[in-house]
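In: after the sequence you'll find the predicted model.
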Amino acid sequence: MMRTHIGISLDGFLASASGMPAWDFQPTFDGSGHGYPEFMAKVGAVAMGRTSFDQGLDDWLGAWPWGDKPIFVLTSRPLPGNAPPHGRGRAGGVEGLAERIRNAGIDGDVQLLGGAKTVRAFLDAGALDRLGIVVLPLLLHRGIPLFDTEPLSFSTDAWRESGGQRDASPPAAFELDSQQAFDDGSMHLVYRPKR
Ligand SMILES: NC(=O)c1ccc[n+]([C@@H]2O[C@H](COP(=O)([O-])OP(=O)(O)OC[C@H]3O[C@@H](n4cnc5c(N)ncnc54)[C@H](OP(=O)(O)O)[C@@H]3O)[C@@H](O)[C@H]2O)c1
């Protein structure tokens, strides 16, 4: 099953304007709480977008966090020469990568690490089984939003034109799978995308 465990700010950003993950702004975050160990205990492989891979690679090369677990990178370009042999790139798009992961005989869950573009692409392709987010009790105000949104101010003209009807495009819908509150005020929500 492909799952995320993403930290987002209360205002919906998974990273700050400089690209610092939202987790890093939460003083209580050190990877040993927020359901992370329980989540990782079931993970047999990791998939991520090229931007997140490139951002983390130097740190990870110092102490590779995933042992021998296969790493899949969603990218249109070859991985750099210093990527470890179990970092596999060039996926043929999100559908191609999803199929490759399904055929890889992974023992356990596949963590979709992020970032935002990659999570959205897997969601759009119907390839994400569980959207797990930890909503952190902080506001970033600016940054990389998990979802592509377009904030607007209320417009009387737009309201009148709509005739009070819902917008034409249906919203993506989710069912709540589980929820857990943590002592630091963060909230773990796991959603099942409706297909
Ligand atoms: N809070 C958290 O838990 C968390 C977790 C992970 C990451 N992050 C943060 O997320 C940020 C990066 O997110 P991001 O959205 O900019 O990048 P991303 O999702 O990590 O990577 C995007 C890249 O993936 C490749 N790609 C290939 N096919 C794609 C497709 N169909 N759709 C989308 N991408 C495709 C593209 O690279 P090519 O140019 O190679 O094609 C694209 O530029 C970083 O700041 C990171 O720290 C936060």
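Out: That came through, no problem.
In: from here on, contacts and neighbour counts on C-alpha atoms
Out: Will do.
In: who in the chain is up against the ligand?
Out: Residues of the chain lying close to the ligand (Cα under 6 Å from any ligand atom) are 6-8, 14-15, 19-23, 49-52, 74-77, 93-94, 113-118, 121.
In: in helices only, show me the residues you listed.
Out: 50-52, 93-94, 116-118, 121 (DSSP state H).
In: buried subset of those?
Out: Buried members of these, scored by 16 or more other Cα atoms under 10 Å, are 50-52, 94, 116-118, 121.
In: include distance to D177 and pLDDT when you put these into TSV, please.
Out: TSV is the format used below for those (distance: Cα to Cα, whole Å; pLDDT from 0 to 100):
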residue	distance to D177	pLDDT
R50	29	95
T51	29	97
S52	27	97
V94	24	93
A116	21	98
K117	23	97
T118	22	97
A121	21	96
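In: from the ligand, how far off is L10?
Out: L10 sits 12 Å away from the ligand, going by Cα to the nearest ligand atom, to the nearest Å.
In: go ahead and confirm that residue touches P137.
Out: Yes - the pair formed by L10 and P137 meets the contact definition of Cα atoms under 8 Å, at 5.7 Å.
In: more crowded one of those two?
Out: Using other Cα atoms under 10 Å as the criterion, L10 and P137 rank with L10 on top: 18 against 15.
In: so where's the protein uncertain?
Out: With pLDDT under 70 as the threshold, the chain has low-confidence stretches at 89-92, 168, 170.
In: now the strands for it?
Out: For the chain, the strands defined by DSSP state E occupy 2-3, 6-9, 13-15, 43-49, 71-74, 87-88, 109-114, 131-136, 144-145, 174-181, 187-193.
In: a markdown table for the ones you listed, including distance to G163 and mean neighbour count?
Out: Output for those, formatted as a markdown table (distance: least, Cα to Cα, whole Å; neighbours: other Cα atoms under 10 Å):
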| stretch | distance to G163 | mean neighbour count |
| --- | --- | --- |
| strand 2-3 | 39 | 23 |
| strand 6-9 | 34 | 26 |
| strand 13-15 | 32 | 26 |
| strand 43-49 | 41 | 22 |
| strand 71-74 | 42 | 24 |
| strand 87-88 | 51 | 18 |
| strand 109-114 | 39 | 23 |
| strand 131-136 | 34 | 24 |
| strand 144-145 | 30 | 21 |
| strand 174-181 | 27 | 13 |
| strand 187-193 | 30 | 19 |
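In: G31: which of the ones you listed is closest?
Out: When the strands of the chain are compared by Cα to Cα, strand 6-9 sits nearest G31, at 11.0 Å.
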